[in-house]
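S.K.: can't give you the sequence, but here's the structure:
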């Protein structure tokens, strides 16, 4: 299993997909308990949801599961949300705060570093290479980081999460024109709720690569899985009717970003 797949396009948009992969090496899978083996915290079908929406978009997809190592966490292990419940670079609990390993089988520091080198590092090497390639071609690269999560996760947040959660780390990871284009599109998406920099302000990927002054902009979109799954419970099936309704709005967002790119190119 290759850690990462790259589908290279010729446009200015790069889609990052760090959490849709489900591959877990057997030597890790056997140490996961019943909760862990559900792989419930997958960003289910996000790659399918965005595929084909924008001709020319590049997609960089991690094939490994976030329980192997989380490609959207700081490799140094620094928390994205200090003081709030979250999961770590190499998770040992799920989004309910429940252990995912058999007791005593959790990875130690040496193993975490080996996993980082084997999985996390190749994903980010590929993502960085694609951002540089796209920027060299267009004078700009816009990283749109694709995520999804269930609408209710009390360990992580209270109540129900809005359907469309845009994160720019308080406007620091992209030009204001990019933030405005996305939020205008989400606010006009009939039948969906939305928020800017709410519970999810952009993960490590968005914060690390989003350097507008260099011509690389980044924005995160966290979708609730109720928008495109038949159920937020096993088997986490893709609902084509729901997804097709959502894809109309996602396509509008990506097209707006593509149209904006030339005006921001360096």
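M.R.: All right, it came through fine. Predicted model only: the values in this text are computed from it and were never measured.
S.K.: now the strands for the stretch 151-266 of the chain?
M.R.: Assigned by DSSP state E, counting those that start in this stretch, the strands in the stretch 151-266 of the chain fall at 164-167, 194-196, 216-224.
S.K.: so how many other residues sit close to the residue nearest to residue 2 when sequence neighbours are not counted?
M.R.: Spatial nearest neighbour of residue 2, chain neighbours left out: residue 63 (6.3 Å); criterion: Cβ to Cβ, 6 or more residues apart in numbering. From N, CA and C alone the C-beta is placed, and that goes for glycine too. Residue 63 is flanked by 18 other residues according to other Cβ atoms under 10 Å.
S.K.: Also residue 253?
M.R.: With other Cβ under 10 Å as criterion, residue 253 counts 23.
S.K.: Residue 216 now?
M.R.: Considering only other Cβ under 10 Å, residue 216 is surrounded by 22 other residues.
S.K.: before we move on, back to that, as a markdown table, the strands of the stretch 151-266 of the chain with distance to residue 124 would be great.
M.R.: Formatted as a markdown table, these follow (distance: least, Cβ to Cβ, whole Å):
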| stretch | distance to residue 124 |
| --- | --- |
| strand 164-167 | 18 |
| strand 194-196 | 26 |
| strand 216-224 | 13 |
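S.K.: Which of those strands sits closest to residue 141?
M.R.: Nearest to residue 141, of all those, is strand 216-224, at 5.0 Å by Cβ to Cβ.
S.K.: Point out the other helices and strands that that closest one packs with.
M.R.: strand 141-149, strand 164-167, helix 176-187, helix 204-209, helix 240-264 (3 or more Cβ pairs under 8 Å, 6 or more residues apart in numbering; DSSP states H and E).
S.K.: about what we covered before: distance of the residue nearest to residue 2 relative to residue 15?
M.R.: Using Cβ to Cβ, to the nearest Å, residue 63 is found at 15 Å from residue 15.
S.K.: now do residue 238
M.R.: For residue 238, the distance to residue 15 equals 17 Å [Cβ to Cβ].
S.K.: between the two, which one's more packed in?
M.R.: residue 15 (25 against 14).
S.K.: sorry, back to before: tabulate the helices and strands packed on strand 216-224 (a markdown table), appending distance to residue 105.
M.R.: As requested, those are exported to a markdown table (distance: least, Cβ to Cβ, whole Å):
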| stretch | distance to residue 105 |
| --- | --- |
| strand 141-149 | 26 |
| strand 164-167 | 33 |
| helix 176-187 | 41 |
| helix 204-209 | 26 |
| helix 240-264 | 36 |
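S.K.: and stretch 81-91, what's its mean pLDDT?
M.R.: Mean per-residue pLDDT for stretch 81-91: 85.
S.K.: er, stretch 147-156 actually
M.R.: Computed over stretch 147-156, the mean pLDDT rounds to 93.
S.K.: Now tell me what touches that stretch from outside.
M.R.: By Cβ atoms under 8 Å, 6 or more residues apart in numbering, the residues outside stretch 147-156 that reach it are 18-19, 41, 43-44, 46, 49, 72, 84-86, 95-97, 159-161, 163, 199-200, 203, 220-228, 232.
S.K.: Generate a ChimeraX selection restricted to the buried entries among those.
M.R.: Per 16 or more other Cβ atoms under 10 Å, the buried members of the contacts of stretch 147-156 correspond to this ChimeraX selection:
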select :18,19,41,43,44,46,49,72,86,95,161,163,199,200,203,220,221,222,223,224,225,226,227,228,232
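S.K.: So which of the contacts of stretch 147-156 sit within helices?
M.R.: Here DSSP state H is the test, and the contacts of stretch 147-156 give 46, 49 as lying in helices.
S.K.: how far away is residue 243 from residue 226?
M.R.: Distance from residue 243 to residue 226, by Cβ to Cβ: 12 Å.
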